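Participant: when you get a sec, could you give me coordinates for this:
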Amino acid sequence: MIHLPRVAYEIKNIGLYDLVLQDVQKIAGTDNPTQDQILEIIKTNPQILEDYEQINIEYNLSNIHIRDIDLSSLDESCKKEAEEINKNLAHLREIEKYTLDFEQSSTLVIIFSIEFFVLFSVQYFIVLLDLKEWQLLIYSIFATSIAIAYWYAKKEQKKYAINSKIFKEKYVKTVAMIDRLEKRGCIKKSDLIIATCEEHV
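Facilitator: From the prediction side, this is the model:
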């Protein structure tokens with residue numbers, strides 16, 4: 001459900017993907033690769049597409065370049081499956097963030113940031129406020145916060161793993177459903193493609 005010509009255009013023209021473009025330039029052996037060259041490089045170098053997808057997820061942009069099916073123009077025999085496809089697309093967009101590796105997720109960054117803040121606070125209370133007689137209690141609170149952060153990180157890691165698996169399975173199922181609906185003459189996949197990202201316009 002990712003539209004490769006759009007990917008090639010965005011890598012070439014959108015500053016958000018400059019690091020990906022640099023990798024493409026190295027592979028192409030030129031500072032100004034054409035869109036067609038980028039498209040070929042994407043097809044032969046899966047890592048380029050993975051990097052593009054990761055950047056999108058980090059910036060809350062979807063890698064699902066398919067819009068919902070307009071049910072109003074469909075024959076009744078096509079509507080039920082089209083409705084299910086639309087529901088699947090909505091769910092996929094909702095859980096797409098879980099396809100990012102947990103170790104590279106903003107959730108883990110937030111957990112570490114909170115722990116650094118707590119550590120700084122502990123040092124502040126003990127050293128600057130001269131609360132040495134309370135340091136055992138303060139360090140106990142800090143140790144507790146580490147245990148809570150570890151528990152929460154493990155819980156979130158499990159959530160990422162579960163939702164990532166659900167995403168992959170539902171993605172494959174939805175692609176097959178779209179293909180099936182197109183073969184039945186209910187839709188044209190080309191009409192559903194989102195060729196440009198509004199966030200970049």
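
Participant: spit out the contact partners of the residue lying closest to Glu83 once chain neighbours are set aside.
Facilitator: Closest residue to Glu83 apart from its sequence neighbours, by CB to CB, 6 or more residues apart in numbering: Leu71 at 6.5 Å. To be clear about C-beta, it is placed using only N, CA and C from the backbone, and glycine gets the same treatment. By CB atoms under 8 Å, 6 or more residues apart in numbering, the contact set of Leu71 is Lys79, Ala82, Glu83, Asn86.

Participant: quick one: buried ones out of the residues you listed?
Facilitator: Buried members of the contacts of Leu71, counted by 16 or more other CB atoms under 10 Å: Ala82, Asn86.

Participant: including pLDDT and distance to Ser106, could the contacts of Leu71 go into a markdown table?
Facilitator: Shown next, in a markdown table, are the contacts of Leu71 (pLDDT from 0 to 100; distance: CB to CB, whole Å):
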| residue | pLDDT | distance to Ser106 |
| --- | --- | --- |
| Lys79 | 92 | 38 |
| Ala82 | 95 | 34 |
| Glu83 | 96 | 33 |
| Asn86 | 96 | 28 |
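
Participant: what comes into contact with the lowest-mean-pLDDT helix or strand in the chain?
Facilitator: Lowest by mean pLDDT, DSSP states H and E among the helices and strands of the chain is helix 106-123, with a mean of 73. With CB under 8 Å, 6+ apart as the test, helix 106-123 has contacts from 58, 102, 138-139, 141-142, 145-146, 149, 152-153, 156, 160.
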